[in-house]
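Engineer: could you look at this predicted model? Sequence included:
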Amino acid sequence: MSLSLRYAALSDVGRVRKDNQDSGFASERLLVIADGVGGAARGDIASSTAVQILRRLDAPPPEDLLEALAGAIHRAHDRIAELVDDDPELEGTSTTVTAALFDGNRIGVGHIGDSRGYLLRDGELSQLTKDHTFVQGLIDEGRITEDEARVHPHRNLILRAVDGVHETDPDLFLLELAPGDRVLLCSDGCSGVLDNDRLTDILSTGTVDYAVVELIRASLEAGSSDNITCVVADVVETDAAVDEETVAATATGPMLVGAAAEQPRRAGATSKSFFRGHRSGDTGELEPVPGSDPDSVDPEELRYAPRPPRRFVWLRRLAVLVVLGLVVWLLGAMAYNWTQDQYYVAADGENVAIYQGVQADLPGITLTSVYETTDIELDTLPDFRADQVRGGISADGREDAEGIVDRLQGFVRICPEPEPTPTPTPTPTATERPRGDRPGGDRPGGDRTQRPSVTPSPSPTPSPTPTPTPSPTEAPENCVEATS
């Protein structure tokens, strides 16, 4: 099913501004709204430049809608930069851009700034775009509500725009359309004062011509102090019956409004015809309200705080790198000094040692060193204590580390002293006397009569007292000699 657009566009200078810095465009294929920012820096030039470049997309739709939109917005950025180079007084000018490119079934949307896009479908209004503003950031953070944002003192401060200085970064997305949909693009002169309920009420009735007129009238009655520009388009089936409104829209052709149309401040016949029959006349017919102080700063100049062009970018980047390097070096030095105030006990080869630093190394950086190696050998400690030392024992300082070493000293295995054992000595036995020595034996002239002989018993020989001699006692494999 092929769809087509019925459209209307209208822009009004409002009751306060001296000139209109909004621009708008509407056709069967393209809808654009641009709100110029800059005050004395001529925001009207920025908005009209953007619209004039974007309207070149009013042709048979390209294959990639989003790429075409992004390219057109970037070309507008480049053109504004050229204008500022030719006329330095334009420095600080910028513009919002919200554009919808139609291909017969869907629209591609490109958006930057605080102009808005809405979709009314089945009586429900949804906001398609998201404001790039300071107050929107507060809303996202939950610090203020939508209603509070409408009266916030910085509600008009935008953070992103097409300014010819900073790279464009538009939001880009696709949206499928359906018959009966109504699309609204408007500047913040309208969306800043009319809430969603009021917008829904206006968009739900009447034709697109009625809608743009009523939106501007309602915005003025709500107290809008800005330029007001609205573009409204209905989505219809191409094969639908052609009525008088469709014929009139086709005869009108593309509509260019606001600063881009280079209209005089007083509204022409087109604006008057739109307002005919409504309670409020075209405010372009009214004299602008003079400022109380001609030397005062136009609030529009403060809406988008322009930043100076980027010059000496490489010097700034170098300075940033130097500062970052100094900060990193300072933090690294502080961290290293902290590590050198740390101590722990661990193994140094086969001995227990006190280390200064932390048990961690960074690539190319050593964070620990041996502070003192003790004479305690790991083999002389119980297995559990030795494993603790090998894994490292944290300390709360040098004194604590020395205390840990002292406690480990108490676990060292001491070799036992040898104990004396008695050694037995041989005991002497009694010897028998020879016969010739017996009393009454054969002597010359002696009595040969056999006499009984008595053999004396040997006298007991006292046994010697055993002399103690040291005998080695078996010692553990790994121990240390006790010191006297």
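Structural biologist: Nice, I can see it. None of these values were measured; they are calculated from a predicted model.
Engineer: going forward, measure contacts and count neighbours with C-alpha atoms only.
Structural biologist: Fine.
Engineer: which residues touch the residue nearest to residue 187 when sequence neighbours are not counted?
Structural biologist: Excluding its sequence neighbours, the residue lying closest to residue 187 (Cα to Cα, 6 or more residues apart in numbering) is residue 115, at 4.5 Å. Listed by Cα atoms under 8 Å, 6 or more residues apart in numbering, the contact set of residue 115 reads 33, 34, 35, 96, 97, 98, 131, 185, 186, 187, 188, 191.
Engineer: buried set for stretch 85-95?
Structural biologist: If you call a residue buried by 16 or more other Cα atoms under 10 Å, then stretch 85-95 has these buried ones: 90, 91, 92, 93, 94, 95.
Engineer: CA-only coordinates of stretch 181-195 in PDB, if you can.
Structural biologist: Provided in PDB are the C-alpha atoms of stretch 181-195 (Å, rounded to 0.1, in the frame of the first residue of the first chain):
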ATOM      1  CA  ASP A 181      -1.300   9.300  11.200                       C
ATOM      2  CA  ARG A 182      -0.600  13.000  11.700                       C
ATOM      3  CA  VAL A 183       2.900  14.300  12.000                       C
ATOM      4  CA  LEU A 184       3.900  17.500  13.700                       C
ATOM      5  CA  LEU A 185       7.200  19.300  13.600                       C
ATOM      6  CA  CYS A 186       7.500  22.500  15.600                       C
ATOM      7  CA  SER A 187       9.900  24.900  17.200                       C
ATOM      8  CA  ASP A 188      10.100  25.400  20.900                       C
ATOM      9  CA  GLY A 189       7.900  28.500  20.700                       C
ATOM     10  CA  CYS A 190       5.100  26.000  20.400                       C
ATOM     11  CA  SER A 191       6.300  22.900  22.300                       C
ATOM     12  CA  GLY A 192       7.600  25.000  25.200                       C
ATOM     13  CA  VAL A 193       4.200  26.300  26.200                       C
ATOM     14  CA  LEU A 194       1.700  23.700  25.000                       C
ATOM     15  CA  ASP A 195       1.600  20.400  26.900                       C
END
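Engineer: oh, and call the first residue 568 from now on, that's how I've got it
Structural biologist: Right, with 568 as the first residue, what we last looked at is stretch 748-762.
Engineer: would you mark the buried spots in that stretch?
Structural biologist: Those would be 748-761, for stretch 748-762 by 16+ other Cα under 10 Å.
Engineer: likewise for stretch 704-716?
Structural biologist: Going by 16+ other Cα under 10 Å, stretch 704-716 has these buried residues: residue 716.
Engineer: circling back: so of the buried residues of stretch 652-662, which ones are in helices?
Structural biologist: The members of the buried residues of stretch 652-662 all map outside helices under DSSP state H.
Engineer: which of these lies closest to residue 789?
Structural biologist: residue 662 (24.3 Å; Cα to Cα).
Engineer: contact partners for the closest one?
Structural biologist: Going by Cα under 8 Å, 6+ apart, residue 662 touches 601, 602, 603, 604, 610, 613, 614, 617, 680, 728, 729, 730.
Engineer: try 10 Å
Structural biologist: 588-590, 600-605, 610-617, 643-644, 647, 679-682, 727-731, 871 (Cα atoms under 10 Å, 6 or more residues apart in numbering).
Engineer: then residue 677?
Structural biologist: 599, 632-637, 639-640, 664-668, 684, 696, 736-741.
Engineer: mind checking which of these are in helices?
Structural biologist: Those of these lying in helices (DSSP H): 632, 633, 634, 635, 636, 637, 639, 640.
Engineer: please indicate which of those are buried?
Structural biologist: 632, 633, 635, 636, 637, 639, 640.
Engineer: how about the residue most central in space within the chain, what does it touch?
Structural biologist: The centroid of the chain falls nearest to residue 708 when counting by Cα atoms, centre = their mean (15.5 Å). If you count contacts by Cα under 10 Å, 6+ apart, residue 708 has them with residue 702.
Engineer: what's the lengthiest helix in the chain packed up against?
Structural biologist: Criterion DSSP H: the longest helix present in the chain is helix 880-906. Counting contacts by 3 or more Cα pairs under 10 Å, 6 or more residues apart in numbering; DSSP states H and E, helix 880-906 packs against strand 918-924.
Engineer: list the contacts of the very next helix or strand once past the strand it packs on.
Structural biologist: Counting by DSSP states H and E, the element after strand 918-924 in chain order, helix or strand, is strand 935-944. Contacts to strand 935-944, defined as Cα under 10 Å, 6+ apart, come from residues 906-907, 909-928, 953, 965, 969, 972, 975-976, 979, 1045-1047.
Engineer: for the residue lying closest to residue 825 once chain neighbours are set aside, give its distance to residue 699.
Structural biologist: Once flanking residues are discounted, residue 825 sits nearest to residue 590: 4.3 Å by Cα to Cα, 6+ apart. Between residue 590 and residue 699 the distance, using Cα to Cα, to the nearest Å, works out to 19 Å.
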